[in-house]
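[1] Dropping the sequence and predicted coords here.
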Amino acid sequence: MRNKTLYAVLMFVCIVGFWLFNNFYTPATYSGPDGSNSKRVEANFLPSSTTGEIVGHSYYVLSYSEPHEQAEWVAYTLKREHLTYDDRKRPYFIEDPKVSTKSADWRNYRGSGYDRGHLLPAGDRRFSEQAYNETFYTSNISPQDKYFNAGIWNRLEQQVRYWCKRNGELFVVTGGVLEDGLPEIGDEDVDVPRAYYKIVMKGSGDNAKVIAFLIPAKESQQPLEDFLVPVDEVEERTGIDFFEKQSKAWQSKIESKVNAGGWKF
């Protein structure tokens, strides 16, 4: 009888311990102490924030939307030296400690049928352990259909890497189109975007060239060129001013039409 009682107590302790670990344990944060400065991202090209919740990490900047429980945009610089093939151990997905309301718990995705889709791809940040781990904040993920995530969205990410290798440094802004009435998952009602965008810039000033994509959140075998749109169209869909610090003349020239010249597919 004593052994049975001891066994029952041990089982209870293990179950409670597992529950506490699963629901309350959070690994150490990933960003360095200088993350709030985000000196590796060009501030003059950052978009506007419709939420006022701009968060700077060491290797990227984002604007978090609490109503949608994800970033409305993630902005980062991609350089040739970033594109390494270092083997990195995948860390935990954890809440972003710099989001004032805390970003959504990764458990919202469990059993939802959706991937935890990276906005800034982890594959673009293999050059250092910290840079790689930072991409696993839940503020940098969005619910994506697995075939979309592994399909056309992945092809676009590879295309951006190709352009970086070919042309050098790029500035990238990406996110889901966050709007009213989206499907939701999890206890925190994480919204599931119906479309995603990616805006890529090379050069600067009068020599800047910008290309924008707006893609429905489902797999497609269509060429990436079929999803090219003017930046103005992405702004209209999202309510975000993507190059708000640039002159009106510059914005009018760059954002009003699709110009795929110089972008080799």
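    Thanks, I have it.

[2] could you list every residue that touches residue 206?
    residue 250 (CB atoms under 8 Å, 6 or more residues apart in numbering). In this view, the C-beta of every residue, glycine as well, is placed from N, C-alpha and C.

[3] That one - that's part of a strand, no?
    No: assignment of residue 206 by DSSP: H, G, I helix; E, B strand; the rest coil gives helix, placing it outside any strand.

[4] Tell me, what's the model's pLDDT at it?
    pLDDT, the model's per-residue confidence, is 87 for residue 206.

[5] next one: phi and psi at residue 71?
    Backbone torsions for residue 71, taken as degrees, to the nearest 10, come to phi -80, psi 140.

[6] how close does it get to residue 249?
    In this structure, residue 71 and residue 249 are 30 Å apart, going by CB to CB, to the nearest Å.

[7] Which one of those two is surrounded by more residues?
    Between residue 71 and residue 249, residue 71 has the larger neighbour count (other CB atoms under 10 Å), namely 31 against 8.

[8] didn't the more buried one look like it was pressed against residue 62?
    Yes: Residue 71 is within contact range of residue 62, at 4.2 Å (criterion: CB atoms under 8 Å).

[9] Now list whatever residues contact both of the two.
    119, 139, 140.

[10] out of those, who's nearest residue 167?
    Among the shared contacts of residue 71 and residue 62, residue 119 lies closest to residue 167 (CB to CB), at 21.7 Å.

[11] tell me the contacts of residue 182?
    With contact taken as CB under 8 Å, 6+ apart, residue 182 is in contact with 68, 191, 192, 193, 194.

[12] which SSE is residue 116 in?
    Assigned by DSSP states H and E, residue 116 belongs to strand 115-118.

[13] Would you map the helices across the stretch 1-150 of the chain?
    In order along the chain, the stretch 1-150 of the chain carries the following helices (DSSP state H, counting those that start in this stretch): 2-24, 129-134, 146-150.

[14] Closest to the centroid, which residue in the protein?
    Among the residues of the chain, the smallest C-alpha distance to the mean C-alpha position (CA atoms, centre = their mean) belongs to residue 119, namely 2.2 Å.

[15] which residue packs closest to it, ignoring adjacent ones?
    Leaving aside its chain neighbours, residue 119 sits nearest to residue 74 (4.2 Å; criterion: CB to CB, 6 or more residues apart in numbering).

[16] on that earlier part again, any of the contacts of residue 182 buried? List them.
    In terms of neighbour count (16 or more other CB atoms under 10 Å), the buried residues within the contacts of residue 182 are 68, 191, 192, 193.

[17] The second one against residue 71, yeah?
    No: counting by CB under 8 Å, residue 191 stays clear of residue 71, with 11.5 Å between them.

[18] what number of residues lie near residue 133?
    Residue crowding around residue 133 was assessed by other CB under 10 Å; the count is 22.

[19] Next, find the distance separating it from residue 127.
    Counting by CB to CB, the gap from residue 133 to residue 127 is 12 Å.

[20] and if you look at residue 186?
    Taking CB to CB as the measure, residue 186 falls 32 Å from residue 127.

[21] can you check residue 236 too?
    According to CB to CB, residue 236 stands 36 Å off from residue 127.

[22] Looking at these two, which is more packed in?
    More neighbours surround residue 127 than the other of residue 236 and residue 127, with 17 against 11 (other CB under 10 Å).

[23] That one reaches residue 82, doesn't it?
    Yes: in terms of CB under 8 Å, residue 127 counts as a neighbour of residue 82; the distance is 5.2 Å.
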